[in-house]
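[1] Requesting a structural model of the entry that follows:
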Amino acid sequence: MKLQEIKKFKKVFLIGIGGCGVSAIAKILYQMGYDVSGSDSKESSNTMRLKDLGVKTFIGHDASNCRDADLVVYSSAISKENVEFSSAISKGIPIIKRAEMLSWIMNKFKKRVAVAGTHGKTTTTSMISKLLVDGGFDPTYLIGGETDYIDGNARLGKGLYAVAEADESDGSFLELDPNITVLTNIEPDHMEYFGTKEKLIEVFSQFVNQIEEGGTLVFGADNQDAALVADNSALAKKISYGLNPNANMRAENIIFEKGGTSFTVLYNNEKLGDIHLSVPGIQNVVNCLGAMVVIKEAGVPFSIAVSTLCSFSNAKRRFQIVGEIDNITIIDDYAHHPTEIKATILAAKNGWKNRRIISVFQPHRYTRTLNLCKEFGEAFLDSDVVILTDIYSAGEVAIKGVSGRLIADEVKRHKEAFYIPRKEKITEKLLKELKSGDMVLIMGAGDINNIAKELLSRLKMRDNP
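    Below you'll find the predicted structure:
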């Protein structure tokens, strides 16, 4: 089916509607006037928000759910054995991938910004979207995470710009046709799909070379592979960003503060001004610089950036402060790759001096645990206490001999670590361990965030028996 044909359909059904990417598309389609419905295996904040909006959302998959649909959209997490997928095929209902629908939405806009890379996509996409909103550009955006400040994870605007997070995990970002691409960085991840680093680089190179002639490639100069891919891009205008002194957009005079960072922004060695960014971590300084390139090219005044970024709050589960009680701070973070874990721990150390850091980590996917086991072991060097639980499978089939214990054993090469396979036992361990002044980092891309909420609740009960 040609994507141009999508406009003729009236009723769109989305399988996996609770996922960040699919729920964003559902919201945009609903705002466009389509009759939108969908299903997911479990209730979530995304499904509840869609229900509140008026989107018919089924919890559980059943062939009857999509019987009235003209078009079915499915996410990469959905098996082709799914009963709704099979029903659509048997009834001859057209069915397309999530990325194809995203491409169709994006192609309605003159300025199409795609944010790709291994780390920092959600934050960079959020920053660009918020800055364009505050700059009066009325953008459309689709973000791979929840935010509280710009209509959640998606919004249909009336301006020229559409901004979207581009998911590389299954190569589906190759469906997109951006004229502005932000490439944050490239590291080995999702190797169950890519297989080799060479293939990973090849796919990112293909994505970057899809930028239309005269388009713009914004890339992270601090990452060797991102810079390599950028060097091999032929058609696009290239603008680099990062801490590298040769980057076009860079930062200096960086000062870490509790809950944020201050720094000076330079573009081609000309000082633009000083920024106070209200989210911690050097990684967010770099994400901010990438966003600054995009909004400078768009024409958003630097003064808007100053006022927006000093009150910017990150997407949920990105160094999210869940609560503080008895001088114990609980942080929930989506970090699920060794580089992200290091960055989260470093953000805590730099922003909250002289605090004991307790890291709780739920590995995500068997393949990632196996492929990056050694790197995970070294990622916790700056943490004072480390607690590991078992793997969140994300739908993967278990690999014999692969569990959270693998990472725990690697961590133990460097420091003491506790392996607690049943995550419901972690709160009890923490309640015995915690003392005033501690910072607890709850990390992982699965359901470990429930521990953060439970821990805060139990600490409050302990204070008010």
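[2] mind listing what the most centrally placed residue in the chain touches?
    Closest to where the C-alpha atoms of the chain average out (Cα atoms, centre = their mean) is Thr122, at 3.8 Å. Residues near Thr122 by Cβ atoms under 8 Å, 6 or more residues apart in numbering: 143-145, 165, 315, 318, 334. Yep, even glycine has a C-beta here, placed from its N, CA and C like the rest.
[3] Please work out how many residues are found near Ala154.
    Other residues within reach of Ala154, judged by other Cβ atoms under 10 Å, total 25.
[4] residues contacting it?
    23-25, 27-28, 141-143 are the contacts of Ala154 under Cβ under 8 Å, 6+ apart.
[5] now, which of these lie within strands?
    Mapping the contacts of Ala154 onto strands (DSSP state E) picks out 141-142.
[6] who does the helix or strand hosting Val440 pair up with?
    Taking DSSP states H and E as the definition, one finds Val440 inside strand 439-443. Here strand 439-443 is paired, per DSSP bridges, with strand 328-333 (parallel), strand 357-361 (parallel).
[7] With respect to Gly437, which of these lies nearest?
    strand 328-333 (7.5 Å; Cβ to Cβ).
[8] Can you give the contact residues for the closest one?
    By Cβ under 8 Å, 6+ apart, strand 328-333 touches 316-324, 340, 344, 348, 352, 355, 434-443, 449, 452, 455-456, 459.
[9] What ranges does the stretch 351-465 of the chain have for its strands?
    Taking DSSP state E, counting those that start in this stretch to define them, one finds strands in the stretch 351-465 of the chain at 357-361, 385-388, 417-419, 439-443.
[10] Now tabulate the contacts of Thr122 in a markdown table and tack on pLDDT.
    Shown next, in a markdown table, are these (pLDDT from 0 to 100):
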| residue | pLDDT |
| --- | --- |
| Ile143 | 91 |
| Gly144 | 84 |
| Gly145 | 80 |
| Glu165 | 93 |
| Ala315 | 70 |
| Arg318 | 76 |
| Tyr334 | 87 |
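[11] Show the average pLDDT along the strand holding Val440.
    On average, the pLDDT along strand 439-443 is 95.
[12] do stretch 288-301 as well
    On average, the pLDDT along stretch 288-301 is 97.
[13] any idea how far that stretch is from the chain center?
    20 Å (Cα atoms, centre = their mean, to the nearest Å).
[14] Pull out the buried residues from that stretch.
    288-296, 298, 300 (16 or more other Cβ atoms under 10 Å).
[15] residue contacts, Pro139?
    129, 132-133, 155, 157, 159, 161-163.
[16] so which pair among those is furthest apart in space?
    Maximum pairwise distance among the contacts of Pro139 (Cβ to Cβ): 12.9 Å, between Val133 and Ala162.
[17] Those two - which one has more neighbours?
    Neighbours were counted for Val133 and for Ala162 using other Cβ under 10 Å; Ala162 has more, 26 against 23.
[18] Look up phi and psi at that one.
    With angles defined as degrees, to the nearest 10, Ala162 sits at phi -120, psi 130.
[19] okay, now the residue nearest to it when sequence neighbours are not counted: neighbour count?
    Counting by Cβ to Cβ, 6 or more residues apart in numbering, Phe109 is the residue found nearest to Ala162 once chain neighbours are left out, at 3.8 Å. Using other Cβ under 10 Å, Phe109 is surrounded by 18 other residues.
[20] other SSEs contacting the helix or strand containing Glu84?
    In the assignment (DSSP H and E), Glu84 maps to helix 83-91. Packed against helix 83-91 by the contact rule (3 or more Cβ pairs under 8 Å, 6 or more residues apart in numbering; DSSP states H and E) you find strand 11-15, strand 71-74, strand 95-97.
[21] that older thread, narrow the buried residues of stretch 288-301 to those in helices?
    Taking DSSP state H, the ones among those that sit in helices are 288-296, 298.
[22] and which of those is nearest to Leu183?
    Of these, the one sitting nearest to Leu183 (Cβ to Cβ) turns out to be Gly290, at 8.8 Å.
[23] residues touching that closest one, list them.
    By Cβ under 8 Å, 6+ apart, the contact set of Gly290 is 115, 120, 124, 127, 182, 184, 218, 220, 241, 249.
[24] returning to what we had before: wait, which of the contacts of Ala154 is closest to Asn232?
    Leu142 (27.8 Å).
[25] one step back: buried deepest among the strands paired with strand 439-443, which one?
    Among these, ranked by average contacts under mean count of other Cβ atoms under 10 Å, first place goes to strand 357-361 (a mean of 25).
[26] Contacts made by that strand with the rest, please.
    335, 341, 345, 348-349, 380, 382-389, 407, 426, 430, 433-434, 438-444, 448, 451.
[27] quick one on the thing from earlier: will you turn the contacts of Ala154 into TSV that also has neighbour count and distance to His61?
    Converted to TSV, those look like this (neighbours: other Cβ atoms under 10 Å; distance: Cβ to Cβ, whole Å):
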residue	neighbour count	distance to His61
Ser23	29	16
Ala24	25	20
Ile25	27	18
Lys27	24	21
Ile28	24	23
Tyr141	27	29
Leu142	25	24
Ile143	29	26
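[28] Is it correct that Asn350 is in contact with Phe256?
    Yes - the criterion here is Cβ atoms under 8 Å, and Asn350 meets it with Phe256 at 3.9 Å.
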